[in-house]
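Engineer: After the sequence you'll find the predicted model.
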Amino acid sequence: MALDGSSPTATPATRIGIIGLGKHTYQTWFNSLRWAPDHEVVCAVDIDPAKVEQFTRLYAVPASYTDHRAALAAEKLDAVIVQAGHAHNFEIIRDALTSGVHVFVEKTPVLSTAQADELIALQEQTGKWVMVGFNKRFTTGYVLAKKVTERAEFGDIATYHSEFHANPYDERAFLLNHIIHHLDLARWYLGEIRIEYVRRHVAGDRLQAFVIAFMSESGAIGTIHAASMLDELYPMERLELVGMRRNVIVDNVKSVTYNRPAVRKQDFEPFELDDSADALVWNPSHGYYPRNTDQGYENELFEFLRCIRAGIEPQPNLADSRRTLALVEDIDRMLADGSAHADVTSQQAVHAV
């Protein structure tokens, strides 16, 4: 009740449209919205009428469209969540910004830095924001590792090493969909980086491996090992950050180990844990209700809607993500012109495929 006796005006729910109803939207995005600040999903959009019918029926979404432009024209949206794929995102983001709507877009946001630059200029004209879903920045294990590296005792990060693997993939798509995650993680931990060296091993159709070496502006050095030669159900990720006589390791996303210098014993003593020196280990409690939080999806959508409602630009924004995309283009150029890299082809593997 206000001082004058009237009822206070509640802030209306954020009106959201979901564009792109593929498997990821079903498995992740819609359910990840359940913890986000006050909002309502008012429409769903996909060019496939069958997907639209199924989604709106299962999730009781009141309106459906097969053309995003029709949805933007008909619905008074505050924001859209875009999961159409980097080959189609540019047009959707452009039309949403022009319609005065904020955008959350799954990585990779667009196909090129040229497209990103055009959208960044359009953002400045419209005053609307684009947040890019680099979910690794919101993944529990990687967030905990970052907090460790920010402790004074850890010192500056000296080396970065990560591994990121996947099932067979087209080369360009593997760079844009998978390796880009760890290029972005490297920037998140170290600041801006410069690609120094790329080596690619081709083992067969859609089977390739990469070693990427880089240096950060702060002087840290790093490598990324990545291959599209496993099944995604295998353990597929690992990260190690080395500081001052310490390291922190994130193993397959859900295990974090912080190793510190052990206290040396002078005489024989029974073993006991030393809170200041022994390794700290985190892994998820299996008593928690199952969610996608440890992958970061709920956390990034929560952050997007929190910022929109508070009038704060959410991060990572499109300008930040453009710098990660530029690293992919650097790798593309190095692979194309043969600079600072060497290709190795396994003829035995090619014949075996």
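Structural biologist: Structure's in. What do you need? Just so we're clear, the structure is a prediction, and the values are computed from it rather than from any experiment.

Engineer: pLDDT below threshold where in the chain?
Structural biologist: When residues are selected by pLDDT under 70, those of the chain lie in 1-10, 232-235, 264-270, 287-292, 340-353.

Engineer: Helices of that one, start to end?
Structural biologist: In the chain, the segments counted as helices under DSSP state H are 23-24, 30-32, 49-59, 68-74, 89-98, 113-126, 140-149, 171-174, 180-190, 297-310, 318-337, 347-352.

Engineer: what does the third one rub up against?
Structural biologist: Residues outside helix 49-59 that contact it (C-beta atoms under 8 Å, 6 or more residues apart in numbering): 18, 21-22, 25-26, 30, 41, 44-46, 61-66. Where you see a C-beta, it was placed from the backbone N, CA and C, and this is true even at glycine.

Engineer: Mind doing that once more with 6 Å?
Structural biologist: Applying C-beta atoms under 6 Å, 6 or more residues apart in numbering, the contact partners of helix 49-59 are Leu21, Phe30, Ala44, Asp46, Ser64, Thr66.

Engineer: now the first one
Structural biologist: For helix 23-24, the external contacting residues (C-beta under 6 Å, 6+ apart) are Gln83.

Engineer: just the fifth one next, same as before
Structural biologist: By C-beta under 6 Å, 6+ apart, the surrounding residues in contact with helix 89-98 are 19, 68-69, 72, 80, 82, 84, 103, 105, 109-110, 115, 119, 122, 126, 128.

Engineer: Quick check, Pro316 in contact with Asn135.
Structural biologist: No - with contacts counted by C-beta atoms under 6 Å, Pro316 stays clear of Asn135, the gap being 10.6 Å.

Engineer: circling back: for Phe304, state which of the contacts of helix 89-98 is nearest.
Structural biologist: Of all the contacts of helix 89-98, Phe304 sits closest to Val103, with 9.3 Å by C-beta to C-beta.

Engineer: of the contacts of helix 49-59, buried ones?
Structural biologist: Buried residues within the contacts of helix 49-59, counting neighbours by 16 or more other C-beta atoms under 10 Å: Leu21, Phe30, Ala44, Asp46, Ser64.

Engineer: okay if I get the residues you listed as TSV plus distance to His178?
Structural biologist: Below are these laid out as TSV (distance: C-beta to C-beta, whole Å):
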residue	distance to His178
Leu21	23
Phe30	23
Ala44	27
Asp46	24
Ser64	32
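
Engineer: List just the nearest of the residues you listed to Tyr142.
Structural biologist: Distance to Tyr142, by C-beta to C-beta, is smallest for Phe30 among the buried ones among the contacts of helix 49-59, at 23.8 Å.

Engineer: Excluding chain neighbours, give the residue nearest to the closest one in space.
Structural biologist: Distances taken as C-beta to C-beta, 6 or more residues apart in numbering put Tyr59 closest to Phe30, at 5.9 Å, once the chain neighbours are dropped.

Engineer: Can you report how many residues lie near the one you found?
Structural biologist: Counted with other C-beta atoms under 10 Å, the neighbours of Tyr59 add up to 15.

Engineer: and if you look at Leu335?
Structural biologist: Count around Leu335 with other C-beta under 10 Å applied: 19.

Engineer: and the gap between it and Ile179?
Structural biologist: 12 Å (C-beta to C-beta, to the nearest Å).

Engineer: same deal with Arg246?
Structural biologist: Per C-beta to C-beta, Arg246 is found 27 Å from Ile179.

Engineer: Tell me which of those two has more neighbours.
Structural biologist: A direct count of neighbours by other C-beta under 10 Å for Arg246 and Ile179 places Ile179 higher, at 23 against 18.

Engineer: which residues does that one contact?
Structural biologist: Contacts of Ile179 (C-beta under 6 Å, 6+ apart): Ala226.

Engineer: which of the helices of the chain is buried the deepest?
Structural biologist: Comparing the helices of the chain by mean neighbour count (mean count of other C-beta atoms under 10 Å), helix 180-190 ranks first with a mean of 23.
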